[in-house]
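# Pasting the sequence and the predicted coordinates here, then a few questions.
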Amino acid sequence: QQQVKQSPQSLIVQKGGISIINCAYENTAFDYFPWYQQFPGKGPALLIAIRPDVSEKKEGRFTISFNKSAKQFSLHIMDSQPGDSATYFCAASIGDSSYKLIFGSGTRLLVRP
Amino acid sequence: DGGITQSPKYLFRKEGQNVTLSCEQNLNHDAMYWYRQDPGQGLRLIYYSQIVNDFQKGDIAEGYSVSREKKESFPLTVTSAQKNPTAFYLCASKLLGQGDGYTFGSGTRLTVV
């Protein structure tokens, strides 16, 4: 119930293409869904986040789509660039005061020039 | 600049030794967290603390210990009881009650030699 399942494990996209990473969860108490971007040897950095009261959130080339009934959410990277090559993690908070984040297993994205 | 500082960046431990990883933040965040990252497994929660002198076990606390004597500091000790300590360790902090996600440090890579 506490898991967040992320796919695919790795993704190769051509420059200018769309990168799509998917996550699914079971616990309906989750109420905060962030995406993190991590470059090698660095800590993850918050990219974009969404709450269940909206179905989509867009920030620049990054969009989160949220499907509450299906318990799924996804990250879309439009016009993917080589600089977007990184590992991406979805996460969910368990809805209590501890604000613990449960992370997906990560997707390694490679954008070819 | 406000942020989280983890030190050292690289750490080597001999079998049977305890080692302590440092995490300091000047963001005035209430909560602090320790995660372990292994290839292909995402981030797993070791310990977390919401207030000074109080902390809770995460999913993989065995073989680890923490203290929270000051709001800005949350050191992690990897004890000799941790059977497979080689990993990338990440510290994070969060301002409770806010919608923002975690702020992560840049990590410590621990290797057992």
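Received it, and whenever you're ready, just let me know what you need.
# Tell me the spacing between A:Ser69 and B:Ile4.
Distance, A:Ser69 to B:Ile4, using Cβ to Cβ, to the nearest Å: 37 Å. Where C-beta positions appear, they are placed from N, C-alpha and C, glycine not excepted.
# Settle it for me: which of these two has more neighbours?
B:Ile4 (23 against 5; other Cβ atoms under 10 Å in any protein chain shown).
# Just name the shakiest helix or strand of chain A by mean pLDDT.
strand A:101-103 (a mean of 91; mean pLDDT, DSSP states H and E).
# That one packs against which elements?
Other helices and strands packing on strand A:101-103, by 3 or more Cβ pairs under 8 Å, 6 or more residues apart in numbering or on different chains; DSSP states H and E, are strand A:86-93, strand B:43-51.
# what's the closest non-adjacent residue to the residue of chain A found nearest chain B?
Taking Cβ to the nearest Cβ as the measure, the point where chain A comes nearest chain B is A:Gly43, at 3.4 Å. Spatially, and ignoring its direct neighbours in sequence, A:Gly43 is nearest to B:Phe104 (3.4 Å; Cβ to Cβ, 6 or more residues apart in numbering or on different chains).
# Can you name the residues of chain B sitting close to chain A?
Within chain B, the positions near chain A by Cβ under 8 Å from any Cβ of the partner chain are B:4, B:6, B:31, B:33, B:35, B:40-45, B:48, B:50, B:56, B:58, B:90, B:92, B:94, B:96, B:99-107, B:109.
# coming back round to it: so what's the residue of chain A closest to chain B up against?
Neighbouring residues of A:Gly43 by Cβ atoms under 8 Å, 6 or more residues apart in numbering or on different chains: B:Ile4, B:Gln6, B:Leu90, B:Ala92, B:Phe104, B:Gly105, B:Ser106, B:Gly107.
# Inside strands: which ones of those?
B:Ile4, B:Gln6, B:Leu90, B:Ala92, B:Phe104 (DSSP state E).
# is the nearest residue to the third one once chain neighbours are set aside in a bridge, and if so with what?
So that's B:Leu90. Using Cβ to Cβ, 6+ apart and skipping residues adjacent in sequence, the residue nearest B:Leu90 is B:Tyr35, 4.6 Å away. Here B:Tyr35 sits in beta bridges with B:Leu45, B:Leu90, as judged by DSSP bridges.
# before we move on, what SS does A:Leu46 have?
Under the three-state scheme (DSSP: H, G, I helix; E, B strand; the rest coil), A:Leu46 adopts strand.
# Count the residues that sit near the residue in chain B positioned nearest to chain A.
Nearest residue of chain B to chain A: B:Phe104, at 3.4 Å (Cβ to the nearest Cβ). B:Phe104: 23 surrounding residues under other Cβ under 10 Å.
# In contact with it, which residues are there?
A:Tyr36, A:Gly43, A:Pro44, A:Ala45, B:Ile4, B:Leu90, B:Cys91, B:Ala92.
# Show me what A:Glu56 bridges to in the sheet.
A:Ser65.
# Now for it: which residues touch it?
Applying Cβ under 8 Å, 6+ apart, the residues contacting A:Glu56 are A:Ile50, A:Thr63, A:Ile64, A:Ser65, A:Phe66.
# didn't the last one look like it was pressed against A:Val54?
Yes: using Cβ atoms under 8 Å, A:Phe66 is in contact with A:Val54, at 6.8 Å.
# of those two, who's got more company?
In terms of neighbours (other Cβ under 10 Å), A:Phe66 is the more surrounded of A:Phe66 and A:Val54; the figures are 18 against 10.
# where's the nearest residue in space to the more buried one that is not next to it in sequence, which helix or strand?
Leaving aside its chain neighbours, A:Phe66 sits nearest to A:Phe73 (4.6 Å; criterion: Cβ to Cβ, 6+ apart). Element membership of A:Phe73 [criterion: DSSP states H and E] is strand A:72-77.
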